[in-house]
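**Student:** Below: sequence and its predicted model.
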Amino acid sequence: LRLSYNAFTGTVPDTFANLTNLTVFQLNSNQITGKIENITMKNTEKKYSLVADCGYPSLFEDPVKCDECKMCCNSNDECSPTNGKYNLTSPNIILIAFIIISSAFCFLLAGISKFCFSRKVEKVEKELKDFLEK
């Protein structure tokens, strides 16, 4: 079933799950949002068996979700294989990486701050002790 390049709009119909025994299902280059799931495919090893607009950049804030897609296309009409894994250019992966790196940086800064603060406290305590002894 090749539905690519038809200017379809709207959300992915739930009834797509009723499509069984498809060898090809291409829905890319439309303006569809939502999630493609529970589609029974034959010969799923084929590179172009299940293709949708699940790549980035996207025309939509929340593009098509398709965990089973073999190819994800973006708004530039560029398609890349997913290999059954998340598209590594997705904003979610980038956001997760940013959060991890930011957290590591914050922990590093906290450690440096604590070290510097404790050294300063030791210095002030020593100066106070020396002053009181005079």
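**Tutor:** Ah, there it is. Residues are numbered from 1 along each chain as shown.
**Student:** distance between stretch 68-87 and the chain's centre?
**Tutor:** Stretch 68-87 sits 12 Å away from the centroid of its parent chain (CA atoms, centre = their mean, to the nearest Å).
**Student:** again with stretch 117-134
**Tutor:** From the chain centre to the centre of stretch 117-134 is a distance of 51 Å (CA atoms, centre = their mean).
**Student:** unless I'm mixing things up, Leu22 is touching Ile39, no?
**Tutor:** Yes - counting by CB atoms under 8 Å, Ile39 is a contact partner of Leu22 at 6.7 Å. All C-beta atoms are positioned from the backbone trio N, CA, C, and that covers glycine.
**Student:** residue ranges with poor pLDDT in this structure?
**Tutor:** For the chain, applying pLDDT under 70 flags the ranges 43-48, 83-92, 134.
**Student:** Next, please give the residue ranges for the strands of it.
**Tutor:** For the chain, strands defined by DSSP state E occupy the ranges 9-11, 25-26, 31-33, 50-52, 71-73, 79-81.
**Student:** Which strands and helices lie in contact with the fourth one?
**Tutor:** Think strand 50-52. Packing partners of strand 50-52 (3 or more CB pairs under 8 Å, 6 or more residues apart in numbering; DSSP states H and E): strand 25-26, strand 71-73.
**Student:** I'd like those laid out as CSV, including distance to Leu95.
**Tutor:** Shown next, in CSV, are the helices and strands packed on strand 50-52 (distance: least, CB to CB, whole Å):
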stretch, distance to Leu95
strand 25-26, 29
strand 71-73, 18
